[in-house]
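[1] Could you work out the structure for the sequence below:
(one chain, ligands or ions: 1)
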Amino acid sequence: MIFPKKPFTKSKIDRILRKELQQDLSFRSGKIIGSMCSDPPAFCSRIFRRYIGKNLGDPGLCPGTAKIEQQAVEMLGSLLGNPHAAGVFTTGGTEANILALLTAKKLSPSNRREVILSDCAHFSFIKAAEMMDLKLIFIPHKEDFSIDVEAAAAAITENTLALIGIAGTTGTGAVDDIPALGALAEKHGVYLHTDAAFGGFVLPFLEKAGFPSKPFDFSIPGVSSVTIDPHKMGRGVTPGGCILYRSAEIAERAAFPVSYLSGGKTKHLTLVGTRSGAAVLADWAQIVRLGESGYVKIVKKSMLLAHSLAERLNQIDGIRCVKEPELNVVAFCSTKTDNEILSKRLRAKGWALSFFGEYLRIVVMPHVTEKAVRCFLRDLRKITETENA
Ligand code: PLP
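    Predicted coordinates:
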């Protein structure tokens, strides 16, 4: 398509978009069972639409919005065991993880370049390493898909810049032993970042929902920063991530000064300049609308369904869950067929789930219903029966 010489009519634009977007999958169809995002609730979308023009890249233009962002950061800090945490909303977990490593680099007394992380870490760290010329030292995961802490300890050298702990891996929802990583970080004086992009809005509510939880946040000495994503289990709007630092001093070191904006000299904590204030306002609204009891309810429902799904998957001949769900993530594999072929057959039946090589992943987000799970299992049984025949 070339740049148009003359304007399109509104009805033509509507027509084109309606037609083209027909091929997109919708959360309402029930068939998106492999995404860590959902449609935000109508209330949240309304707030997003109402304040769509707010730009937090120039906070002097919208001090009210900036104040609400500050409140949202404080609420997330208190959720994660540190009401004094400082930070900023980002476009998502990727930006937050890149910022964490950039901050580690800024704080590092020397030119250290090595980052130790699990081989289950999200690919945002690969992007960060390429941008900053860092060397990633991948540590093999244990049987439960958490990092092998002993191997991580053995990999620490005088060149180690940072350790990464994951509170809810992308593939299986495994939670690393972050207290043990915290002890290593303290002992060796290295930066520890927790990537709780997914688990940050699940783990704090698990116990009240009746499930075991694990420590992962600022309550652990040695954790310098945490990624938490409102646009995942926070039930907020996209784009909605957040990076939190243990203290205002760390955030201060992480900041980029900007001299010319409308409020006078200011600082950016993000990689991006212009950024959505509407998303932050909608996320703030969602957090206060749900509160702890609302999130506990959501987490309980998703966890109950995740466990019941895992149980039913294990009953299918030729299918095996690779791990008991720790969070509302269910990873399974075929014991008889190639997983990629299985994933393609499921896609041919309209199911959108993620393929990780050794296994497939379902994320039991709040939009995933018992009815959708039943339909999915019926299709999966049909596929495996044909293959087993
Ligand atoms: N960290 C983890 C553990 C994730 O699972 C993801 C995304 O799935 C990310 C970071 C990146 O988040 P985003 O897609 O919001 O950039």
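
[2] Might you enumerate the residues of the stretch 101-250 of the chain proximal to the ligand?
    Counting by C-beta under 6 Å from any ligand atom, the positions of the stretch 101-250 of the chain adjacent to the ligand are H122, S124, I166, G168, T170, D195, A197, F198, D229, G241. (C-beta placed from N, C-alpha, C; glycine too.)

[3] Which ones among those residues lie within helices?
    When those are checked against helices using DSSP state H, the ones located there are S124.

[4] mind showing which ranges of this structure have poor pLDDT?
    Per-residue confidence for the chain (pLDDT under 70) gives these ranges: 389.

[5] Can you show me the helices along it?
    For the chain, the helices defined by DSSP H cover 10-21, 42-50, 63-79, 93-107, 124-132, 149-155, 178-188, 203-206, 248-254, 277-314, 339-348, 370-388.

[6] Mind checking these for the one nearest to M36?
    Each of those was scored for nearness to M36 using C-beta to C-beta, and the closest is helix 93-107 (8.8 Å).

[7] list the helices and strands the closest one packs on?
    Using 3 or more C-beta pairs under 8 Å, 6 or more residues apart in numbering; DSSP states H and E as the contact test, the elements touching helix 93-107 are helix 124-132, strand 160-166, strand 191-196, strand 223-228, strand 241-245, helix 248-254.

[8] Format the residues of the stretch 101-250 of the chain next to the ligand as TSV; extra columns: neighbour count and distance to L107.
    Output for those, formatted as TSV (neighbours: other C-beta atoms under 10 Å; distance: C-beta to C-beta, whole Å):
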residue	neighbour count	distance to L107
H122	21	22
S124	21	19
I166	31	21
G168	28	25
T170	22	26
D195	31	18
A197	28	21
F198	26	26
D229	29	23
G241	29	21
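
[9] Would you mind measuring from the residue nearest in space to the middle of the chain to R378?
    The C-alpha lying nearest the average C-alpha coordinate of the chain belongs to A197 (C-alpha atoms, centre = their mean; 3.0 Å). Relative to R378, A197 is positioned 32 Å away (C-beta to C-beta, to the nearest Å).

[10] One more: D39?
    Using C-beta to C-beta, one obtains 24 Å as the distance from D39 to R378.

[11] Quick check: R28 vs D283, distance?
    Here the distance between R28 and D283 works out to 22 Å (C-beta to C-beta).

[12] Which one of the two is surrounded by more residues?
    Higher neighbour count among R28 and D283: D283, with 32 against 9, using other C-beta atoms under 10 Å.

[13] hmm, back to that, pretty sure the residue nearest to the centre of the chain contacts T169?
    No: with contact defined as C-beta atoms under 8 Å, A197 and T169 do not form a contacting pair (10.1 Å).

[14] what is in contact with these two at once?
    Residues touching both A197 and T169 (C-beta atoms under 8 Å, 6 or more residues apart in numbering): H122.

[15] quick one on the thing from earlier: distance to A154 added to the residues of the stretch 101-250 of the chain next to the ligand, as JSON lines?
    Conversion of these to JSON lines gives the following (distance: C-beta to C-beta, whole Å):
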{"residue": "H122", "distance to A154": "23"}
{"residue": "S124", "distance to A154": "25"}
{"residue": "I166", "distance to A154": "19"}
{"residue": "G168", "distance to A154": "25"}
{"residue": "T170", "distance to A154": "25"}
{"residue": "D195", "distance to A154": "22"}
{"residue": "A197", "distance to A154": "27"}
{"residue": "F198", "distance to A154": "28"}
{"residue": "D229", "distance to A154": "31"}
{"residue": "G241", "distance to A154": "32"}
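
[16] List just the nearest of the residues of the stretch 101-250 of the chain next to the ligand to E252.
    G241 (20.5 Å).

[17] what sits against the closest one?
    When the contact criterion is C-beta under 8 Å, 6+ apart, the partners of G241 are 89-96, 197, 227-231.

[18] How far off centre is stretch 109-125?
    Between the centre of stretch 109-125 and the centre of its chain there are 17 Å (C-alpha atoms, centre = their mean, to the nearest Å).

[19] Please disregard the earlier target; I meant stretch 243-251.
    19 Å.

[20] For burial, what's the neighbour tally of the closest residue in space to F256 that isn't next to it in sequence?
    In space, F256 comes closest to H268 once its chain neighbours are excluded; the distance is 4.7 Å by C-beta to C-beta, 6 or more residues apart in numbering. Taking other C-beta under 10 Å as the criterion, the count of residues near H268 is 19.

[21] Isn't H268 up against V258?
    Yes: here H268 lies in contact with V258, judged by C-beta under 8 Å, at a distance of 5.6 Å.

[22] Domain map for this structure?
    Following automatic domain parsing, the chain resolves into domains at 10-39+299-388, 43-289.

[23] ok, and which of these has the densest surroundings?
    Mean neighbour count (mean count of other C-beta atoms under 10 Å) peaks for domain 43-289 among the domains of the chain, with a mean of 20.

[24] from the chain's centre, how far out does that domain sit?
    Centroid separation between domain 43-289 and its chain, computed with C-alpha atoms, centre = their mean, is 9 Å.

[25] ditto for stretch 14-29
    25 Å.

[26] Now do the end-to-end distance for it.
    22 Å (C-alpha to C-alpha, to the nearest Å).

[27] Give me the contact list for it.
    Taking contacts as C-beta under 8 Å, 6+ apart, the residues outside stretch 14-29 that touch it are F8, K31, I32, S35, S38, D39, G350, A352, H367.

[28] I am finished for the moment; much appreciated.
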